[in-house]
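>>> Turn this into a model:
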Amino acid sequence: MTEPDERPKILIVDDTRTNIDLLIEIFRADFRVSAATGAARALKLARAEQPPDIILLDILMPEMDGYQVCAALKQDERTKGIPIIFVTAVSEVMDAARGFAAGAVDYITKPFYPPVVMARVKLHLDLKRKYELLESYAFLDALTEIGNRRRFDLVLKSEWERAHRSRQPLSLIYLDIDHFKPFNDTYGHGAGDDCLRRLAGALSATLRRSGDFIARYGGEEFMILLPYTDPEQARTLAQKLLDAVDRLAIPHAASPVADHVTVSMGLVTLDPVAGGDPLRMVAAADQALYTAKRSGRHQVQVARFDQMPHDDSAPRVDFS
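Purely as a prediction, here's the structure:
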């Protein structure tokens, strides 16, 4: 079995084939290299499923110049985080301020001096990796090491839009630990933190598909987002999550529900094509969770929407 190529990916954009060949020779040993001689092809490669890690972009090109291509990439959510280094000849007049304003991080000059070109590219790749690491911490719940509420909000918006495009169902589980305050009062907050970590681990391990997403929503609440999941599939998975928590068998002497830690869940499955918005999906799951608590906890309640209205009227919900 062939091992995947983990080398960084670089996109070279230049309308002169000689310049492309020179740069390919510099980078071929350490990078996966792709090239484009025009703006349209460059934009297509940058927006591909596996985008480049960095772009070397010529300034003087027909149709769209480098400044325009750079601005287009920086205005696109899919490509705005890719570092762009302008390539310009010493004899050409480059407006550095305009280049940086368009979103470029650096520029190199022709004729190329390979050690300098390589050093600058590696520097900006290193800075990109460090930025991504810091950004990932901003979306991570420090206690449970799963996504936090900020991350959930972004993923929900993204998955809702994707479901709209694909015309596929989207399911959401709103999970809450039963009687968690008495647990903390009985065993202490250290034990409470350990309980949250263990539950997060058990819940995460139950989610098998790469697209399934879990986040700590706040306190003892978790959100589980399930793309391409119909009501029956979502109900089956919710039961598996319930069973996974039960198998942990974390003692909870102060619970009137069971002798161990249990959870309650509200589940909703919506077809985004029918209308509505992600916030109403969260509200529906919250209503279902409230019903689960009111009905004795340690269970799953399902909210089904026959139709998501486009106006501000309250959605019709039937619980089962």
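
>>> I'd like the next helix or strand past the helix or strand hosting E25.
Using DSSP states H and E, E25 maps to helix 17-27. Under the assignment DSSP H and E, the closest C-terminal helix or strand after helix 17-27 is strand 32-36.

>>> if we can go back for a sec, from the contact counts, what lies against the helix holding E25?
In terms of contacts (3 or more CB pairs under 8 Å, 6 or more residues apart in numbering; DSSP states H and E), helix 17-27 is packed against strand 9-13, strand 32-36, helix 114-138. For glycine as for every other residue, the C-beta is placed from the backbone atoms N, C-alpha and C.

>>> redo that, cut-off 6 Å
Helices and strands touching helix 17-27, by 3 or more CB pairs under 6 Å, 6 or more residues apart in numbering; DSSP states H and E, are strand 9-13, strand 32-36.

>>> any idea which of those strands is most buried?
strand 9-13 (a mean of 24; mean count of other CB atoms under 10 Å).

>>> Would you mind pulling the contact partners of it?
20, 23, 27, 31-36, 42, 45, 52-58 (CB atoms under 6 Å, 6 or more residues apart in numbering).

>>> what about L125, distance to P83?
7 Å (CB to CB, to the nearest Å).

>>> higher neighbour count, those two?
Taking other CB atoms under 10 Å, L125 and P83 do not tie; P83 has more neighbours (20 against 16).

>>> Would you check that the more buried one makes contact with H124?
Yes: with contacts counted by CB atoms under 6 Å, P83 reaches H124, the gap being 4.4 Å.

>>> any common contacting residues for these two?
Common neighbours of P83 and H124 (CB under 6 Å, 6+ apart) are V105.

>>> Let me know the pLDDT of F100.
Among the per-residue scores, F100 holds a pLDDT of 87.

>>> what does the one 4 residues further on give?
Reported pLDDT at A104 in the predicted model: 92.

>>> again, but for E77
Reading off the model, E77 has pLDDT 85.

>>> How many neighbouring residues does it have?
Neighbour count of E77, defined by other CB under 10 Å: 7.

>>> before we move on, which element is it in?
For E77, there is no host helix or strand (DSSP H and E).

>>> go on, the one 10 residues further on?
Assigned by DSSP H and E, V87 falls within strand 84-89.

>>> Using the three-state scheme, assign the residue lying closest to A200 once chain neighbours are set aside.
Leaving aside its chain neighbours, A200 sits nearest to T144 (3.7 Å; criterion: CB to CB, 6 or more residues apart in numbering). Assigned with DSSP: H, G, I helix; E, B strand; the rest coil, T144 falls in the coil class.

>>> Relative to S295, how far out is T144?
From T144 to S295 the distance is 27 Å (CB to CB).

>>> who has more neighbours, the two?
T144 (21 against 12).

>>> related to what we said a few turns ago, quick one: which of the helices and strands packed on helix 17-27 is nearest K74?
With respect to K74, and counting by CB to CB, the nearest of the helices and strands packed on helix 17-27 is strand 9-13 at 14.5 Å.

>>> got any ranges where the stretch 201-320 of the chain has weak pLDDT?
274-276, 304-320 (pLDDT under 70).

>>> For it, just list every one of the strands.
When assigned using DSSP state E, counting those that start in this stretch, the strands of the stretch 201-320 of the chain occupy the ranges 213-218, 221-227, 263-270, 300-304, 318-319.

>>> hey, C-alpha coordinates of the second one in CSV?
Put plainly, it is strand 221-227. Presented in CSV, the C-alpha positions along strand 221-227 are these (Å, rounded to 0.1, in the frame of the first residue of the first chain):
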residue,chain,number,x,y,z
GLU,A,221,-24.1,20.0,28.2
PHE,A,222,-22.8,18.5,24.9
MET,A,223,-23.9,18.9,21.3
ILE,A,224,-23.5,16.1,18.8
LEU,A,225,-24.0,17.0,15.1
LEU,A,226,-24.7,14.2,12.6
PRO,A,227,-24.5,15.1,8.9
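
>>> What strands flank it, and is each parallel or antiparallel?
strand 170-177 (antiparallel), strand 213-218 (antiparallel) (DSSP bridges).

>>> So for the shortest one, what gets flagged as buried?
By neighbour count, and taking 16 or more other CB atoms under 10 Å as the criterion, the buried residues in strand 213-218 are 213-217.

>>> Looking at the helices and strands packed on helix 17-27, spot the one closest to H252.
That would be strand 9-13 among the helices and strands packed on helix 17-27, by CB to CB, at 50.0 Å.
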